[in-house]
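S.K.: got a predicted structure plus its sequence, pasted below:
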Amino acid sequence: MTRLMTKVLSDDPLIRSMSYQSVLSAFGEGAFLTGSAVYFTQIVGLSPAQVGLGLTIGGVVVFCASVPLGRLADAVGTRRTWILGSLLEALLFGSWFLVEGFAAYVAVTIALELAASWMRSGRNAYRFEVFPRETRVRSLAYMRASRNVGYTLGAGAGGLALAAGSDGPIMAIPLVTAVILLLNTAWITRMPRLSREAEAHAEAGDTALEAAVAGGRRSDPRAALRNRAFILTSTLGGILSTHQVLLNVVIPLWLVQQTDAPRVLLAWLFGTNTVMAVALQVATA
């Protein structure tokens, strides 16, 4: 594992710090994803249809709220959005421990999807702004590879819980994930403040006044909708990303409900999915 980490982490201090953060957050999420099918069906007591319906409702709500969440991230600031969104994520993952019944499941799913979407808006914008254009793609590739390392480790931790002879370790997964994501939030607060945000924090009043007096040129929010290549690429990317639903929800529910395969097999499912991403991400970039 040490040799693997050496290969996927850069020598640049900022990239290395953000890569460690990526491993930490993905570890927490990966541990929960590995055991989520078992947790929702055997601990919360939901049917596979209810699990799927809740995720569908959450996805529709996030789709409708994506643009307002993006604007909120712009108003709050990318780094602050990343921190606050990560904190909300941690608290909501911990709340799974208290969920009973379908209504509570849907409520937490919607809140968690909204928090995660808002958090990603801040995180992704921060990553684009903190790195210069010429090194941005390679920098993001390191973080993507590191996230997949984290998912692999998280799958292993979730697999240990699934392999236990009782439901106790599975019931503890949401709480463990919440603690890990709280540590992740603390790590994010150590990330450098963007110079633009620092200036805005110190000179918010002057900036607003100057913009009002100058009547500065504003970007057209509809410009992206007129970019056909962007729309096509985004649509195709969205279609391709549906494999995550198959991997994270459909196949695990099928394995747990319709087969007699051991639950620990879910850990191998999630773990092997990340191998090529870890091995090839940086080289491809």
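M.R.: Perfect, I can see it now. If you're wondering where the values come from, they're calculated on a predicted model, not measured in any experiment.

S.K.: for the rest of this, base every contact and every neighbour count on C-alpha atoms.
M.R.: Will do.

S.K.: does residue 71 sit in a helix or strand, and which one?
M.R.: helix 48-76 (DSSP states H and E).

S.K.: ok now that helix, how far from the chain's centre?
M.R.: 13 Å (Cα atoms, centre = their mean, to the nearest Å).

S.K.: need the next SSE after that helix, C-terminal direction.
M.R.: Tracing the chain past helix 48-76, the next element assigned as helix or strand by DSSP H and E is helix 78-95.

S.K.: can you list the helices and strands that that next one packs against?
M.R.: In terms of contacts (3 or more Cα pairs under 8 Å, 6 or more residues apart in numbering; DSSP states H and E), helix 78-95 is packed against helix 102-130, helix 168-188.

S.K.: name the SS class of residue 244, please.
M.R.: helix (DSSP: H, G, I helix; E, B strand; the rest coil).

S.K.: tell me, how many residues neighbour it?
M.R.: 10 (other Cα atoms under 10 Å).

S.K.: mind starting the numbering at 596 from now?
M.R.: Right, with 596 as the first residue, what we last looked at is residue 839.

S.K.: that one and residue 720, how far apart?
M.R.: 22 Å (Cα to Cα, to the nearest Å).

S.K.: do residue 754 as well
M.R.: Noted for residue 754: a distance of 33 Å to residue 720, by Cα to Cα.

S.K.: go on, residue 858?
M.R.: Taking Cα to Cα as the measure, residue 858 and residue 720 are separated by 38 Å.

S.K.: next up, the contacts around residue 657.
M.R.: Neighbour list for residue 657: 705, 708, 709, 712 [criterion: Cα atoms under 8 Å, 6 or more residues apart in numbering].

S.K.: which residues does the closest residue to the first one other than its chain neighbours contact?
M.R.: Spatial nearest neighbour of residue 705, excluding adjacent residues (Cα to Cα, 6 or more residues apart in numbering): residue 653 at 4.5 Å. Residues in contact with residue 653 (Cα under 8 Å, 6+ apart) are 701, 704, 705, 708.

S.K.: tell me which helix or strand comes right after the lowest-mean-pLDDT helix or strand in the chain.
M.R.: For the chain, the helix or strand with the lowest mean confidence is helix 799-809, at a mean of 41 (criterion: mean pLDDT, DSSP states H and E). In the C-terminal direction, the helix or strand that comes right after helix 799-809 (DSSP H and E) is helix 818-821.

S.K.: list the contacts of that following helix.
M.R.: Outside of helix 818-821, the residues that reach it under the criterion Cα under 8 Å, 6+ apart are 825, 826.

S.K.: what mean pLDDT does the helix or strand just after that helix have?
M.R.: Toward the C-terminus, helix 818-821 is succeeded by helix 823-835 as the next helix or strand (DSSP H and E). Rounded to a whole number, the mean pLDDT of helix 823-835 is 85.

S.K.: what is the distance between the lengthiest helix in the chain and the centre of its chain?
M.R.: As assigned by DSSP state H, the longest helix anywhere in the chain is helix 728-758. Here helix 728-758 shows a centroid-to-chain-centroid distance of 11 Å under the convention Cα atoms, centre = their mean.

S.K.: give me the angle between that helix and helix 697-725.
M.R.: Here helix 728-758 runs at 150 degrees with respect to helix 697-725, directions being taken by axes from the mean of the first three to the mean of the last three Cα atoms, to 10 degrees.

S.K.: re earlier: roughly how far apart are the residue nearest to residue 705 and residue 660?
M.R.: Using Cα to Cα, one obtains 11 Å as the distance from residue 653 to residue 660.

S.K.: returning to that earlier point: any chance of a markdown table for the contacts of residue 653, columns distance to residue 743 and neighbour count?
M.R.: Below are the contacts of residue 653 laid out as a markdown table (distance: Cα to Cα, whole Å; neighbours: other Cα atoms under 10 Å):
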| residue | distance to residue 743 | neighbour count |
| --- | --- | --- |
| 701 | 28 | 20 |
| 704 | 23 | 22 |
| 705 | 25 | 21 |
| 708 | 20 | 18 |
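
S.K.: tell me the one among these nearest to residue 607.
M.R.: residue 708 (32.2 Å; Cα to Cα).

S.K.: this completes my enquiry, with thanks.
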